[in-house]
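Return a 3D structure for these sequence lines:
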Amino acid sequence: MVERGSKKENNFGCKKRCGCLREDVKDVLEKYRKKLGKRIKFDNYKPGPVVSREYKLFRKETTTGKRTFYEDLCNFSEKIIKVNPNEKDKLKLKRSIDSAHININLGGSTSLAVLVVFSFIILAIFVALFSFVILGELKLLLPLFLIIIGVVLLKPLSNSPNYIASKWRLKVSNQMVLCILYIVMYMRHTSNLEHALKFSTDHIGGPLALDLRKVFWNIETGKYSTIKESLDHYLETWRTYNLEFVEAFHLIESSLYEPTEARRVTLLEKSLGVILDGTYEKMLHYAHDLKTPITMLHMFGIVLPILGLVMFPLVGSFMEGIRWWHLALLYNIILPIAVFYIGTNILSKRPTGYGESEITELIPGYNKLRGKGTFSIILGVSILLIGFLPLLLHAVNPGFDFEFGMFGKFLGYNDGVGPFGIGALAFSFFVPLGIALGVGTYYKQRTGKLIKVRDATKVLEKEFASSLFQLGNRIGDGIPAEVAFGRIAKTLKGTPTGEFFERVHINLSKLGMSLKEAIFNKKAGAMLLFPSSLIESSMKVLLESAKKGPKVVSKSLISISAYVNRIHTVNERLKDLLAEVISSMKSQIGFLTPIIAGIVVGLASMIVTVIGKLSGLFSSFAVEESAQFNVGAIVEIFKIQEVIPSFYFQLIVGVYVVQVVILLTILYNGVENGPDKLNEQHLIGKNLYRSVPLYIVIAFIVTLLFNILAAGIIGGIQQI
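Reported below is the predicted structural model:
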């Protein structure tokens, strides 16, 4: 007899040690294989839809999706001039490109930055040569300015993947609370991490869903062997930015190994508590740290620049060569970019939050509700043309003008320079009005109906927690779910929640649908009325837990009610923390900026009027009087030809007000709601409709008053 493990025979009885099986061993294995085969269909086995579907979705969104304009620019730049980043920045750029799923190589952003710098330098040289050859004078101000812009853009463009990744993290972090909520909701009744992740991925949507699909994709491609390994690798990327999210997931993973149900549920509830408490603590610090940057942004980016505009009508008199387009370059290009950059930095530090209801993918007939903007374009262009009438009239008939009472000439062209008249200034108000009404109407048409649907959904979500508690109690008392829906509908009659439950009850009792069809039917389901991920996921938990009996359903619904109430409480506390900052920003958008800008335009108009009148008055003095009083020196100071016309001045200020309203609205919405594009567009339309007309009314009234005052002063001087 040969001992086990000897050199003469392997463990399976084969003397050749080739790893093959003895006949008796084969018979035993075949016997058990047949027994298992009766229970499990090995031949018909196919991979479950959890992984393969996620892989297909991820591959579709990441490999076949259209590249962005930025990605095309980076890839194009790298083909022309390939510049690799320095070793210190490589690791951070690599992480940013991977985390934000940017389809560029490591040197793409650096190549783009260098190419842009070279482009600005070449443009500066071309402008300098053009001025020297055509004008006969070498003008270096604009070329120098172009070179400075190119050099300033080098660092931001090189680090642009970091900014994109920061924006991506902001979007992802705004979904984290909901992600943990959905996982806890699912694992409350079914302790399966893989299915819970899939459930969460299906309902949160957006960037975090793409990240979670990549977790499955890494398993599909063999990079990791288990869901835990792949998930832990993903969580490591968040350890620096959101430790609470990582800890919450680790608690969820720990619940899988708990021997008792009570301990498992405790860990799941603690995971939700960890991320909610962390969110509140971070938002508390953020609210305190936000006051100073917002105040500085308002003062140095808006108030002081607008107040500084008062002196610009005089700048042309004391500094030759300064024209209105220099002012436009500063106020309508450089300052808005600076305000946007500072605002983006403020938003990048915003911690996680409870995101708004995302309805773009859920609502039926979304494209129909999202109206077209054709009318807004026609409206905006029509009003803009009215604003440019003074220029058009002068171009068609240079001699056209007439007296306008005490205000002088209506258009006010002086030797082809102008227009300086109050009539031209009045027409110029139509330019910012046209832009504001055009953009505002466009966003109102695009978002008006969608906002109404979402507002109704938010009301339903607010009431839904208490109705879930009632539903859970009724089912726990032994009442069938079909009957419980009808009773709660009667209790909550007249409310959005009552309407939702009533639709479910009608579908069950009158249309003979199953519970699943009554809720999710694509033609008559109750979910069509109120597209909400939270409500949809709660109803799916109801259907899943119903397979395990009414007691499990009751516990699941009551626990979901408690979770939703807890999140709602934290969300309200977060709004309280930000209330002061939000109120300040609303006042800046609503009346402070329009009023200050309107007063400045009125003052500037008066200054231009006074300079024009004094210039004409002093020029009409007799030569003897001029020599006696040295009036010639005064005339040289008040040269109306060098003064920036109030028409262009108001255009610059008006457009700047429109830009500031849009930028502050984006910042205000980002601080309060996070990256909520639908609400952002709705608020932009709403604020443009309010703030810009207010600015125009204030500016027009102040301009009239100050010009009447100026006319009186000049009249008194003429009498002397």
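
Residue 137: what secondary structure?
Under DSSP: H, G, I helix; E, B strand; the rest coil, residue 137 falls in the coil class.

name the helices or strands packed onto the helix ranked longest in the chain?
Counting residues, the longest helix found in the chain (DSSP state H) is helix 430-476. Using 3 or more CB pairs under 8 Å, 6 or more residues apart in numbering; DSSP states H and E as the contact definition, the elements that helix 430-476 packs against are helix 366-369, helix 374-387, helix 481-491, helix 496-509, helix 533-546, helix 550-587, helix 646-673, helix 677-719. Bear in mind the C-beta positions are built from the backbone N, C-alpha and C, glycine included.

And the average pLDDT for the first one is what?
In this model, helix 366-369 carries a mean pLDDT of 62.

okay, now the domains of this protein?
Here the domain assignment for the chain is 66-170, 461-566, based on automatic domain parsing.

Tell me which of these approaches residue 387 most closely.
domain 66-170 (26.9 Å; CB to CB).

mind listing what's buried in stretch 463-475?
Residues of stretch 463-475 classed as buried by neighbour count (16 or more other CB atoms under 10 Å): 463-465, 467-475.

same check, this time on stretch 120-131
Result for stretch 120-131 [16+ other CB under 10 Å]: buried residues 120, 123-124, 127-128, 131.

Same list (these) but as a markdown table, adding distance to residue 296, pLDDT and secondary structure.
Converted to a markdown table, the buried residues of stretch 120-131 look like this (distance: CB to CB, whole Å; pLDDT from 0 to 100; DSSP: H, G, I helix; E, B strand; the rest coil):
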| residue | distance to residue 296 | pLDDT | secondary structure |
| --- | --- | --- | --- |
| 120 | 29 | 89 | helix |
| 123 | 33 | 89 | helix |
| 124 | 32 | 88 | helix |
| 127 | 34 | 85 | helix |
| 128 | 36 | 86 | helix |
| 131 | 38 | 79 | helix |
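
Nearest to residue 281, out of these: which one, please.
residue 120 (44.7 Å).

any idea which helix or strand carries residue 494?
Remark: residue 494 resides in no helix or strand, with elements defined by DSSP states H and E.

now swap in residue 223 and tell me
Following DSSP H and E, one finds residue 223 outside all helices and strands.

mind checking the backbone torsions on it?
phi -70, psi -40 (degrees, to the nearest 10).

That one reaches residue 230, doesn't it?
Yes - with contact defined as CB atoms under 8 Å, residue 223 reaches residue 230; the gap is 7.3 Å.

Common neighbours of those two, please.
Taking CB atoms under 8 Å, 6 or more residues apart in numbering as the contact rule, residue 223 and residue 230 touch no residue in common.

okay, the two: which has more neighbours?
residue 230 (21 against 11; other CB atoms under 10 Å).

check contacts around that one.
Here residue 230 is in contact with 215-216, 218-219, 223-224 (CB under 8 Å, 6+ apart).

Tell me the buried residues within the residues you listed.
Using 16+ other CB under 10 Å as the burial test, the contacts of residue 230 include 215-216, 218-219, 224 as buried.

of all those residues, which two lie farthest apart?
The largest separation in those, counting by CB to CB, is between 216 and 224 at 10.1 Å.

before we move on, the earlier item: out of the contacts of residue 230, who's nearest residue 683?
Of all those, residue 683 sits closest to residue 215, with 34.7 Å by CB to CB.

Can I get the buried ones among the contacts of residue 230 in CSV including distance to residue 243 and secondary structure?
As requested, these are exported to CSV (distance: CB to CB, whole Å; DSSP: H, G, I helix; E, B strand; the rest coil):
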residue, distance to residue 243, secondary structure
215, 19, helix
216, 24, helix
218, 22, helix
219, 25, helix
224, 22, coil
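
From one end of stretch 72-92 to the other, what's the distance?
Taking CA to CA, to the nearest Å, the span from the opening residue of stretch 72-92 to its closing residue is 21 Å.

can you pull the buried residues of it?
Result for stretch 72-92 [16+ other CB under 10 Å]: buried residues 73-75, 77-78, 83, 85, 89.

Looking at these, which are in strands?
Of the positions in the buried residues of stretch 72-92, not one sits in strands, assigned by DSSP state E.

so what's residue 268 closest to, chain neighbours aside?
residue 184 (4.8 Å; CB to CB, 6 or more residues apart in numbering).

So what touches the helix or strand where that neighbour lies?
In this assignment (DSSP H and E), residue 184 forms part of helix 176-187. Where contact means CB under 8 Å, 6+ apart, the residues beyond helix 176-187 that reach it are 192-193, 195-197, 199-200, 203-204, 208, 212, 242, 245, 248-249, 252, 255, 268-269, 271-272, 275-276, 279, 352-355, 533-534, 537-538, 541, 544, 556, 559-560, 563-564, 567.

Just the angle for it relative to helix 550-587, thanks.
Per axes from the mean of the first three to the mean of the last three CA atoms, to 10 degrees, the angle that helix 176-187 makes with helix 550-587 is 170 degrees.

one step back: what's the closest of the domains of the chain to residue 334?
Ranking these by proximity to residue 334 (CB to CB) places domain 66-170 first, at 8.4 Å.

From the chain's centre, how far out is the closest one? Work that out for me.
Per CA atoms, centre = their mean, to the nearest Å, the displacement of domain 66-170 from the mean C-alpha position of its chain is 23 Å.

Can you tell me the closest non-neighbouring residue to residue 174?
Of all residues not flanking residue 174 in the chain, residue 674 sits nearest, at 3.9 Å (CB to CB, 6+ apart).

before we move on, what about residue 513?
Nearest non-adjacent residue to residue 513, counting by CB to CB, 6+ apart: residue 507, 4.6 Å away.

Next, count neighbours for the one you found.
As a measure of burial, residue 507 has 21 neighbours, counting by other CB under 10 Å.
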